[in-house]
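Student: Sequence plus predicted model, see below.
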Number of protein chains: 2
Amino acid sequence: MVIECVPNVSEGRRPEIVAAMADAIRAVDGVRLLDYSSDASHHRSVFTFAGDAAGVERAVLALFERAVADVDLRTHRGEHPRLGAVDVVPFVPIQGVTMAECVALARRVGTAVADRFAVPVYLYEEASSNPARKNLEDIRRGEFEGLAAKMASEGWAPDFGPAVPHPSAGAVVIGARMPLIAYNINLATNRLDVAKKIAAAIRHSSGGYRFVKAMGIALESRGIVQVSMNLTNYEKTPIFRVFETVKREAERYGVAVLESEIVGLVPSAALNAAAEFYLQMAGFTPDQVLENKLSTLKPEG
Amino acid sequence: MVIECVPNVSEGRRPEIVAAMADAIRAVDGVRLLDYSSDASHHRSVFTFAGDAAGVERAVLALFERAVADVDLRTHRGEHPRLGAVDVVPFVPIQGVTMAECVALARRVGTAVADRFAVPVYLYEEASSNPARKNLEDIRRGEFEGLAAKMASEGWAPDFGPAVPHPSAGAVVIGARMPLIAYNINLATNRLDVAKKIAAAIRHSSGGYRFVKAMGIALESRGIVQVSMNLTNYEKTPIFRVFETVKREAERYGVAVLESEIVGLVPSAALNAAAEFYLQMAGFTPDQVLENKLSTLKPEG
């Protein structure tokens, strides 16, 4: 079982404090720290680690231990919106685990955080039981500074923990979501209007695919434009469908697709789905992938 | 490091003997037995296991121990050509290992087999240093019954071991090769001539791609035809190129591709290459695949 966890912490300017947080995660059995990075202007750090449910739970609690001790939101100023020392904790199902299990994990970790640190917890995305509290942006609106008032208003009692903010650590948003894929398609043109029109055609907010966020931007140094996207559920809105739609929409303006690119990581299943589509594969199952077969077998002897 | 090994043994009729061979492989630390199956008419069994270099070496030697004790080629009759009790041992690079390392492993195992069991060893495929002794079929021609005469003839001294066959166990062919992909493309027609013409167009032996073996066959019960293939090097002759060529050749006869199918296992990289091609992905690297990143990282604590 592999669950990915990508907590965002409101500390991006003191490398030694961030390194101590990374060490706290590394010290947990059954968890691997894959990556972490800090942004000073955002005053924020993002950690990526993976493990089984018990492992990632321990690692989140270890991270809280450090963050509640070392981060004080009362003096924190950065460009990125935030409402807590540990601001947001998403659990992401990667392998051998269902979304329902990640939701259960989010609730369990939320309960533990509230009990142990007296930090109020909001559940979001798949873990949310309230449509008005599903999107991170809605929960975070007002930020730390507006949190006490917001928590006192109707509909904003936290899912777990006290009904008032932790004095220095604020609140935290914990939940479960599909892996995000950062995906860009570059067009063989410098016409920014074309990229913007295509982005509007495919993104959810303006009538496009359910799990696509997109914008058109210029890559000035290369003299081309890009449809820059986040795919938020690659099972329900797969890469190949988005690619084919962008290609077709571009044709309508006499523009060709130059290339596409994945920024950062992509689950193997998202690429396999593209191979399956284009090769018109019948009856393909993930356990035909040699590496999957190797990883799911138990050691024998 | 993951190396796959697919030894073929000349015993397919005594399940208890085959099961003892499987147990001998399972008992080796660092090795996983993925599959084994026997064919009574061929009088032959195929084992598939994987592990690191040291593990698969120990497993091959453990298999020899059983096979040399339990198989006697002097009384062995089956439909499949063979020259040894353990007939052929290919090492296949899967992950974190080069072909050169698999060749070195084949030579090391060959030396050990010759020393320990007095079985002569021929190296084949990538491990061969002699173009006339690269193909398995060429080495095996004449089979066990013609082996003594063949070994005495010019150019057929073994690579390792005695220059005469082992009395009961014959000789063995050991080497390294890329993973085979069994790949079929079904055509939306019952015209067998079309499948045969396309097979001839794409297979190496009649002028096609270097690493394709192909034939056209009828799938009577479905009323369609199939181009049935083995892809012997998916890096140099990738699946997507074969698929696109078959599709284009079929068009020339007014025939559409109905679907394609992979029989058995396929390395993840072969599917990723198809995704990369069709999605026109720029600058993609295997370490962007989340699962690869997880598997290559060492446990940290």
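Tutor: Sure, I can see it.

Student: Tell me the secondary structure of the spatially closest residue to A:G155 that is not a sequence neighbour, please.
Tutor: Nearest residue to A:G155 in three dimensions, chain neighbours excluded: A:A132, at 6.5 Å (CB to CB, 6 or more residues apart in numbering or on different chains). The way it works is simple: take the backbone N, C-alpha and C, and place the C-beta from them, glycine included. Per DSSP: H, G, I helix; E, B strand; the rest coil, the secondary structure class of A:A132 is helix.

Student: I figured A:A132 hits A:R141, correct?
Tutor: No. With contact defined as CB atoms under 8 Å, A:A132 does not reach A:R141; the gap is 11.3 Å.

Student: hey, C-alpha coordinates of stretch A:176-187 in CSV?
Tutor: C-alpha atoms of stretch A:176-187 as CSV (Å, rounded to 0.1, in the frame of the first residue of the first chain):
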residue,chain,number,x,y,z
ALA,A,176,-7.9,13.2,0.5
ARG,A,177,-7.7,13.8,-3.3
MET,A,178,-6.5,12.2,-6.5
PRO,A,179,-2.9,12.9,-7.6
LEU,A,180,-2.6,16.2,-9.5
ILE,A,181,-0.9,16.1,-12.9
ALA,A,182,0.7,19.4,-14.0
TYR,A,183,0.4,19.1,-17.8
ASN,A,184,1.3,21.6,-20.5
ILE,A,185,0.7,21.6,-24.2
ASN,A,186,2.9,23.9,-26.3
LEU,A,187,1.5,25.3,-29.6
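
Student: what's near enough to touch A:S10?
Tutor: For A:S10, the contacting residues are A:43-44, A:67, A:71, A:73, A:76, A:78, A:82, A:84-87, by CB atoms under 8 Å, 6 or more residues apart in numbering or on different chains.

Student: what does A:V266 give?
Tutor: Residues in contact with A:V266 (CB under 8 Å, 6+ apart) are A:179, A:181, B:288-290.

Student: pLDDT score for it?
Tutor: pLDDT for A:V266: 91.

Student: quick one: low-confidence ranges for the stretch 201-301 of chain A?
Tutor: Residues of the stretch 201-301 of chain A meeting the criterion pLDDT under 70: A:295-301.

Student: thinking again about what came up before, narrow the contacts of A:S10 to those in helices?
Tutor: A:A67 (DSSP state H).

Student: Give me the distance between the residue most central in space within chain A and A:Y234.
Tutor: Nearest residue to the geometric centre of chain A (CA atoms, centre = their mean): A:L180, 5.6 Å. Taken as CB to CB, to the nearest Å, the spacing of A:L180 relative to A:Y234 amounts to 9 Å.

Student: so how far is A:Y209 from the residue of the stretch 101-250 of chain A found nearest chain B?
Tutor: Closest to chain B within the stretch 101-250 of chain A is A:F243: 5.2 Å, counting by CB to the nearest CB. With distances taken as CB to CB, A:F243 is found 12 Å from A:Y209.

Student: What ranges does chain A have for its strands?
Tutor: Along chain A, counting by DSSP state E, strands occupy A:2-5, A:8-9, A:31-39, A:44-51, A:86-95, A:121-125, A:172-176, A:181-187, A:212-219, A:224-231, A:257-263.

Student: I'd like to know how many residues surround A:A100.
Tutor: Other residues near A:A100 come to 11 when the count uses other CB atoms under 10 Å in any protein chain shown.

Student: Check what pLDDT the spatially closest residue to A:P93 that is not a sequence neighbour gets.
Tutor: Spatial nearest neighbour of A:P93, excluding adjacent residues (CB to CB, 6+ apart): A:C102 at 4.9 Å. A:C102 carries a pLDDT value of 98.

Student: and if you look at A:L34?
Tutor: For A:L34, pLDDT reads 89.

Student: Now do the end-to-end distance for stretch A:29-44.
Tutor: Chord length of stretch A:29-44, first to last residue, is 26 Å (CA to CA, to the nearest Å).

Student: Please state the offset of it from the chain centre?
Tutor: Its chain's average C-alpha position is 13 Å from that of stretch A:29-44, according to CA atoms, centre = their mean, to the nearest Å.

Student: and it, does that touch chain B?
Tutor: Yes. Residues of stretch A:29-44 are located near chain B by CB under 8 Å from any CB of the partner chain, namely A:29, A:31-34.

Student: of the contacts of A:V266, closest to A:G264?
Tutor: Minimum distance to A:G264 across the contacts of A:V266 is 6.9 Å, recorded for B:Q288 (CB to CB).
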